[in-house]
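Student: Structural data only, the sequence is not supplied:
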């Protein structure tokens, strides 16, 4: 009985840790911008199939739900990702999914050359120059890494970063501890001030 209780407590603590860490990452490196024109950048994931895979489909949904309800007319949805596996570009697959499956009819722009997160940011910068708010949608650790890269490349644009709706309590709960472990590994190169939470 004690062993079961101990396992249950450990399991609950692990889930809570994964939830907390993903929440924390989703709130780090935010600016304080506001305005009518926003860009939502959706980062692609390696996609060897002929259609958007599970992760890219989720990222597209997270990007679309990140669009401000009162600013939909002034929003551009930017899909970023090249053809890292020799097939179609991740950006194109995500755009196709957004339009054909989710019936998204807003402004869509593609950045289809990048193969890394650093390149994602480098290549979308020209599409962000004239917007008031910038949202980056991906899994929280990946989005934080991209925000840190934007801050390194263009600190002036990083001041325009605001929350994307890519973290929701309970969503992906069972795998969030694994995402947290992977995130700790991928974010090991970030400096302490690049992990600062903005509430």
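Tutor: Perfect, I can see it now. This is a predicted model, so every value here is computed, not measured.
Student: Residue 163 - nearest residue in space that isn't next to it in sequence?
Tutor: residue 30 (6.3 Å; Cβ to Cβ, 6 or more residues apart in numbering). Every residue, glycine included, has its C-beta placed from N, CA and C.
Student: Give me the phi and psi angles of the most centrally placed residue in the chain.
Tutor: To find the centre residue of the chain, average its C-alpha atoms and take the closest one (Cα atoms, centre = their mean): that gives residue 138, at 2.0 Å. Dihedral angles of residue 138 (phi, psi; degrees, to the nearest 10) stand at phi -170, psi -170.
Student: hang on, isn't it packed against residue 59?
Tutor: Yes. At 5.7 Å, residue 138 and residue 59 qualify as touching, with contact defined as Cβ atoms under 8 Å.
Student: Find residues that contact each of those two.
Tutor: Shared contacts of residue 138 and residue 59, defined by Cβ atoms under 8 Å, 6 or more residues apart in numbering, are found at 42, 43, 45, 166.
Student: Now the residue nearest to the centre of the chain: closest residue in space, sequence neighbours ignored.
Tutor: Ranked by Cβ to Cβ, 6+ apart and with sequence neighbours excluded, the top spatial neighbour of residue 138 is residue 43, at 4.3 Å.
Student: does the one you found have beta-bridge partners, and which?
Tutor: Taking DSSP bridges, one obtains residue 80 as the residues bridged to residue 43.
Student: mind starting the numbering at 37 from now?
Tutor: In the new numbering, first residue 37, that becomes residue 79.
Student: per-residue pLDDT, it?
Tutor: Model confidence at residue 79, expressed as pLDDT, equals 98.
Student: follow-up on the earlier one: okay, the residue nearest to the centre of the chain and residue 46: tell me how far apart.
Tutor: Look at residue 174 and residue 46: by Cβ to Cβ, to the nearest Å, they are 29 Å apart.
Student: now the helices: where do they sit in this structure?
Tutor: Along the chain, counting by DSSP state H, helices occupy 38-62, 90-101, 126-136, 153-160, 176-189, 191-194, 212-222.
Student: which strands and helices sit next to the fifth one?
Tutor: If I follow you right, that is helix 176-189. When contacts are defined as 3 or more Cβ pairs under 8 Å, 6 or more residues apart in numbering; DSSP states H and E, helix 176-189 sits against helix 38-62, strand 74-79, helix 153-160, strand 169-173, helix 191-194, helix 212-222.
Student: Show me what the fourth one packs onto, helices and strands only.
Tutor: With contacts defined as 3+ Cβ pairs under 8 Å, 6+ apart, the packing partners of strand 169-173 are strand 74-79, helix 90-101, helix 176-189.
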